[in-house]
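> predicted model and sequence below, questions to follow.
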Amino acid sequence: MTSIQTATIFPRLALVAGVLAITGCLNVQGDLGVFTEGDSSGAAGTEGTSTTTSGGADPTVVPTTAADSEESPGELQCPEDLPHLDPMWSLPISLDLEVNFLSSSFAMLSDGRIAIGGGRFGNPEGINSGVMWVDWHGEPTNWSFGPDDHPGYFPVGLRRAADDSLVLLGFDIQDGQHVMRITRVPADGSPATVVDADLGHLAWPSDFELLGDSMVIIGRGIEEEEPLALWVARVDLATGALAWEFNPPSVYPLDGMRVAVGPNGEILAAHGAAGDQDEFKVWRLGDDGSVLWTADLLDPPVRSNQLIDLVITPGEQAVAIVQHFSPAEVTAHAIGLADGEAGWQTQVAIEDASGSPAFGRALVDPDGLSLPIGRGPTPYFSEASADPLTASLVRLGFDGAILEDTPLTLPGVTAGSRRLTPARGKCGDLLLLHSNSNDQTRLHLWSFAP
């Protein structure tokens with residue numbers, strides 16, 4: 001059975017008119033920095049799991065805000081006087097690891113509900129993609145899955161669509177064939193839908209983003225086709241049909257593959273990894289997959305590094321965030337959207353007496369980037385656990401200036417992955433997810449005051 005622990009609500013939150021409230025609501029709308037890796041709730045596909053919540057709540061009930069609930073009258077109210085980045089609530093998540101798992105991607109819907117990408121084992125075709133639901137104030141509720149007669153596969157990630165639905169790209173290998181499916185979970189609670197994705201030559205998906213009614217995906221070809229090939233593809237969300245695919249010239253793509261899309265339909269693809277094979281290239285693609293420009297950001301002398309995230313920001317620019325190794329360092333690199341010209345570079349964090357830093361995903365806010373940095377006392381390498389784990393939030397202006405570097409308290413977690421995933425909550429709060437596919441015993445979700 002699935003067990004999800006109840007959130008710890010910190011003392012500055014109070015009950016108003018029978019509901020959890022914090023005063024002074026912000027009207028936060030739209031997609032607030034969702035990264036990684038789904039959709040909304042619904043009762044479909046909840047069989048086979050159980051969710052433990054406070055008050056004995058029915059786990060199949062779609063959560064509502066206070067304003068929508070007849071049983072809990074009142075308005076969703078947000079903090080006015082909490083110190084910046086003070087913990088608001090803390091949710092430890094305990095799963096039956098033989099039944100369910102979570103990914104490191106999540107999203108907030110416009111009504112404040114939080115969806116974490118994941119899935120369950122044991123269906124006839126193996127793994128079924130799904131979404132775990134958490135209310136805006138840290139109360140876990142239920143799960144939604146793809147249909148049992150046509151389930152999704154192990155999710156690469158979750159993204160929020162413009163209509164508030166959640167989209168997961170699932171992947172599996174069956175009889176030597178690489179198969180992929182798109183699971184879409186509607187926000188209104190209606191059943192999730194699944195379509196097969198025709199991704200042509202792409203065999204190992206690494207990252208994807210949504211663009212209108214389509215999905216742009218980056219990954220690599222199968223091992224038998226040496227040398228390994230990098231592929232970018234675009235598929236239709238409703239049918240999974242392939243619109244186009246592009247094979248950029250690349251050097252041994254294994255890690256550091258990212259795509260980004262902009263508000264005006266801009267498409268960027270990148271491969272950044274240095275070690276035995278060195279490459280840091282960004283391609284801007286047209287709506288039909290044609291190459292508009294290619295940028296090479298590899299700076300000598302080269303040392304081992306990996307592209308971790310690529311985002312498009314206001315001001316006609318993109319920002320690539322890179323993890324360096326030995327010594328550990330996180331750097332940000334600006335790229336002009338018009339011509340791919342390299343812009344500013346900023347050292348976000350570097351190994352020092354406070355520990356060895358690592359970075360997970362970036363959050364694009366209206367006034368800058370929010371970059372959660374995890375640190376540990378031992379040298380960093382990919383997915384290495386830190387014990388003890390410490391964290392801070394670095395705010396980076398769109399001009400490359402560091403606006404703040406504020407330590408974060410992580411209630412309930414003393415050790416674990418240094419790669420943390422951020423999003424914005426209904427009240428403008430910073431949501432932070434601690435999840436590592438190699439260690440599902442330390443799953444945690446926090447909310448920090450704006």
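Yes, it's here. Numbers count the residues shown, from 1 in each chain.

> return stretch 353-369 as PDB; C-alpha atoms alone will do.
C-alpha atoms of stretch 353-369 as PDB (Å, rounded to 0.1, in the frame of the first residue of the first chain):
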ATOM      1  CA  ALA A 353      34.800  25.500   3.000                       C
ATOM      2  CA  SER A 354      31.000  25.300   3.000                       C
ATOM      3  CA  GLY A 355      31.000  22.200   0.800                       C
ATOM      4  CA  SER A 356      30.900  20.900  -2.800                       C
ATOM      5  CA  PRO A 357      27.900  22.400  -4.700                       C
ATOM      6  CA  ALA A 358      25.500  20.900  -7.200                       C
ATOM      7  CA  PHE A 359      22.500  22.200  -9.200                       C
ATOM      8  CA  GLY A 360      19.300  20.500 -10.300                       C
ATOM      9  CA  ARG A 361      16.900  22.800 -12.200                       C
ATOM     10  CA  ALA A 362      16.300  26.500 -12.700                       C
ATOM     11  CA  LEU A 363      13.200  28.500 -12.000                       C
ATOM     12  CA  VAL A 364      12.400  31.400 -14.300                       C
ATOM     13  CA  ASP A 365      10.800  34.200 -12.300                       C
ATOM     14  CA  PRO A 366       9.600  37.500 -13.700                       C
ATOM     15  CA  ASP A 367      12.700  39.400 -12.400                       C
ATOM     16  CA  GLY A 368      15.400  36.700 -12.500                       C
ATOM     17  CA  LEU A 369      16.400  33.100 -12.200                       C
END
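
> would you mark the buried spots in it?
By neighbour count with 16 or more other Cβ atoms under 10 Å, stretch 353-369 contains the buried residues 355-365, 368-369. C-betas here are computed from N, CA, C, even on glycine.

> repeat for stretch 434-450
434-436, 440, 442-450.

> quick one: which of these is nearest to Pro327?
Closest approach to Pro327 among these (Cβ to Cβ): Asn436, at 22.3 Å.

> dump the residue contacts of the closest one.
Ser104, Glu383, Ser385, Gly416, Ser417, Arg419, Arg442 (Cβ atoms under 8 Å, 6 or more residues apart in numbering).

> equivalent analysis for Pro450, please.
Per Cβ under 8 Å, 6+ apart, neighbours of Pro450: Leu26, Cys78, Pro79, Leu82, His84, Cys427, Gly428, Asp429, Leu430.

> assign the fifth one to helix, strand or coil.
Put plainly, it is His84. Classification of His84 by DSSP: H, G, I helix; E, B strand; the rest coil places it in coil.

> how close does it sit to Phe448?
The gap separating His84 from Phe448 is 8 Å, by Cβ to Cβ, to the nearest Å.

> let's see which of the contacts of Asn436 end up in helices.
Of the contacts of Asn436, none are assigned to helices by DSSP state H.

> which residues of the protein fall in helices?
Under the criterion DSSP H, the chain contains no helices.

> what bridges to the closest residue to Ala362 other than its chain neighbours?
Among residues not flanking Ala362 along the chain, Asp309 sits closest, at 4.8 Å (Cβ to Cβ, 6 or more residues apart in numbering). Beta-bridge partners recorded for Asp309 (DSSP bridges): Ile321.

> thought Asp309 was touching Phe359?
Yes. Using Cβ atoms under 8 Å, Asp309 is in contact with Phe359, at 7.5 Å.

> anything in contact with each of these two?
Both Asp309 and Phe359 are in contact with Ile321, where contact means Cβ under 8 Å, 6+ apart.

> of the contacts of Pro450, closest to Pro379?
Using Cβ to Cβ, Leu430 comes nearest to Pro379 of the contacts of Pro450, at 27.7 Å.

> so what's the closest one closest to, chain neighbours aside?
Nearest residue to Leu430, sequence neighbours excluded (Cβ to Cβ, 6+ apart): Phe448, at 4.3 Å.

> next one: Met180
Met180's closest residue in space is Ala197 (Cβ to Cβ, 6+ apart), at 4.3 Å.

> show me the contacts for that neighbour.
Residues in contact with Ala197 (Cβ under 8 Å, 6+ apart) are Leu169, Met180, Arg181, Ile182, Met215, Val235, Gly240.

> which one of the residues you listed is nearest to His150?
Nearest to His150, judged by Cβ to Cβ, of the contacts of Ala197 is Arg181 at 8.2 Å.

> now the contacts of Pro450 in JSON lines, with distance to Met132 and pLDDT?
Converted to JSON lines, the contacts of Pro450 look like this (distance: Cβ to Cβ, whole Å; pLDDT from 0 to 100):
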{"residue": "Leu26", "distance to Met132": "25", "pLDDT": "34"}
{"residue": "Cys78", "distance to Met132": "24", "pLDDT": "81"}
{"residue": "Pro79", "distance to Met132": "25", "pLDDT": "74"}
{"residue": "Leu82", "distance to Met132": "26", "pLDDT": "92"}
{"residue": "His84", "distance to Met132": "29", "pLDDT": "95"}
{"residue": "Cys427", "distance to Met132": "21", "pLDDT": "92"}
{"residue": "Gly428", "distance to Met132": "23", "pLDDT": "94"}
{"residue": "Asp429", "distance to Met132": "19", "pLDDT": "96"}
{"residue": "Leu430", "distance to Met132": "20", "pLDDT": "98"}
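
> are any of those residues buried, and which?
By neighbour count, with 16+ other Cβ under 10 Å, these hold Leu26, Cys78, Pro79, Leu82, Cys427, Gly428, Asp429, Leu430 as buried.

> now tabulate those residues in JSON lines and tack on distance to Ile321.
Output for the buried ones among the contacts of Pro450, formatted as JSON lines (distance: Cβ to Cβ, whole Å):
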{"residue": "Leu26", "distance to Ile321": "27"}
{"residue": "Cys78", "distance to Ile321": "29"}
{"residue": "Pro79", "distance to Ile321": "29"}
{"residue": "Leu82", "distance to Ile321": "28"}
{"residue": "Cys427", "distance to Ile321": "26"}
{"residue": "Gly428", "distance to Ile321": "23"}
{"residue": "Asp429", "distance to Ile321": "22"}
{"residue": "Leu430", "distance to Ile321": "17"}
